[in-house]
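> have a look; sequence and predicted model below, questions after that.
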Amino acid sequence: MQEAAEAGLSGSELCVCVCVCVSASVSLLFPTQTAAMSASLAVQRLAALSGALAVTAGAYGAHGLRLSNRDDYQKELYSTANTYHFYHSLALLGASRCRKPALAGTVLLAGMGCFCGPLYHQALTGP
């Protein structure tokens, strides 16, 4: 502050200089995101969450379901559901890079629910 007074800057001029410098550095560090960029980021985060859930479900299938009294058909259904879950998660990660990530992500999430959901349900609850 003393250097600014010696340079001949008043308090309001110094405040304006500081504000301009801060806003310029913030805009360089955190650029504004367009709608496509934020949709892409949301789809990437959903892909990461889906992949983590697929790994968790796979660990349960390998350790928890193996020790249960379920028949082989239910274990095979669970394994198939988990495989499709992984495939959908990888496709969802790729969908974040396409031209319309929100649409592709929505279609893949719907497909995951329609294909994997009933298989998981039947494997866990039985016929």
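Okay, I see it.

> quick one, phi/psi of the residue nearest the centre of the chain?
Closest residue to the average C-alpha location of the chain: residue 45 at 0.9 Å, with Cα atoms, centre = their mean. When read as degrees, to the nearest 10, the backbone of residue 45 gives phi -70, psi -40.

> residue 112 - nearest residue in space that isn't next to it in sequence?
residue 88 (4.2 Å; Cβ to Cβ, 6 or more residues apart in numbering). Just so you know, the C-beta spots here come from the backbone N, C-alpha and C atoms, and that holds for glycine as well.

> now do the helix or strand hosting the one you found: which elements does it pack against?
Per DSSP states H and E: residue 88 is located in helix 72-95. On a contact count with 3 or more Cβ pairs under 8 Å, 6 or more residues apart in numbering; DSSP states H and E, helix 72-95 meets helix 35-59, helix 101-125.

> chain center to that helix, what's the gap?
Here helix 72-95 is found 18 Å from its chain centre; the criterion is Cα atoms, centre = their mean, to the nearest Å.

> and the angle from it to helix 101-125?
170 degrees (axes from the mean of the first three to the mean of the last three Cα atoms, to 10 degrees).

> what's next to helix 72-95, contact-wise?
Contacts to helix 72-95, defined as Cβ atoms under 8 Å, 6 or more residues apart in numbering, come from residues 43-44, 46-48, 50-51, 53-54, 57-58, 61, 65-66, 101, 104-105, 108-109, 111-112, 115-116, 119-120, 122-124, 126.

> let's see 6 Å
43, 47, 50-51, 54, 57-58, 61, 65, 101, 104-105, 108, 112, 115-116, 119-120, 122-123 (Cβ atoms under 6 Å, 6 or more residues apart in numbering).
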